[in-house]
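Chemist: Generate coordinates for the sequence data below:
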Amino acid sequence: MAQYHYGIKEYLMTDKLLRVYIAGPLRNNDPNIQAANIKEAERVAIMYWNVRYNVFCPHLNSGGLIGLIDEKTAIRATLEELERSDIIVFLKGWASSDGSIDEHNRAVKLKKIIVMNGGDQ
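Modeler: Next up is the predicted model:
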């Protein structure tokens with residue numbers, strides 16, 4: 001079973017920088033909402049970088065490239081990053097995103113540490 005946590009914690013029990021994957025809604029037909037999704041992901045990513053995690057944030061990696069790169073390749077790449085990560089942080093609103101639901105299901109299956117940022121369950 002996956003371990004659920006609420007809010008940021010430090011899991012720095014080794015010399016290894018633990019890898020955090022930021023999951024949450026990205027795409028939206030409204031460009032203002034999509035931009036807000038990316039900005040929120042950036043805010044949370046910075047917060048985790050600042051407490052010494054190795055952060056992968058799909059919103060910042062390929063979010064600005066929607067429509068310019070092959071979507072299937074981008075999704076595959078981000079899911080590979082999720083598999084490599086130690087901790088998966090879910091942003092508020094994740095449960096309304098098909099992609100984030102898939103990320104959650106994978107995180108549970110892989111028994112990742114799951115952090116709910118924003119109180120969604």
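
Chemist: List of residues touching the longest helix seen in the chain?
Modeler: Using DSSP state H to define each element, the chain has its longest helix at helix 31-49. By CB atoms under 8 Å, 6 or more residues apart in numbering, the residues outside helix 31-49 that reach it are 8, 20, 22, 24-28, 55, 57-60, 63-64, 66, 89, 91-93, 117. All C-beta atoms are positioned from the backbone trio N, CA, C, and that covers glycine.

Chemist: now do 10 Å
Modeler: Applying CB atoms under 10 Å, 6 or more residues apart in numbering, the contact partners of helix 31-49 are 8, 17-18, 20-28, 30, 53-60, 63-64, 66, 87, 89-93, 97, 115, 117-118.

Chemist: Which of these fall within helices?
Modeler: Short answer: those in helices (DSSP H) are 58-60.

Chemist: List buried residues within these.
Modeler: 58-59 (16 or more other CB atoms under 10 Å).

Chemist: out of the ones in helices among the contacts of helix 31-49, which one sits closest to Asn105?
Modeler: Pro58 (16.1 Å; CB to CB).

Chemist: which residues does the residue nearest the centre of the chain form a beta bridge with?
Modeler: For the chain, the residue nearest the mean C-alpha position is Ile22 (1.7 Å; CA atoms, centre = their mean). When bridges are taken as DSSP bridges, the partners of Ile22 come out as Val89.
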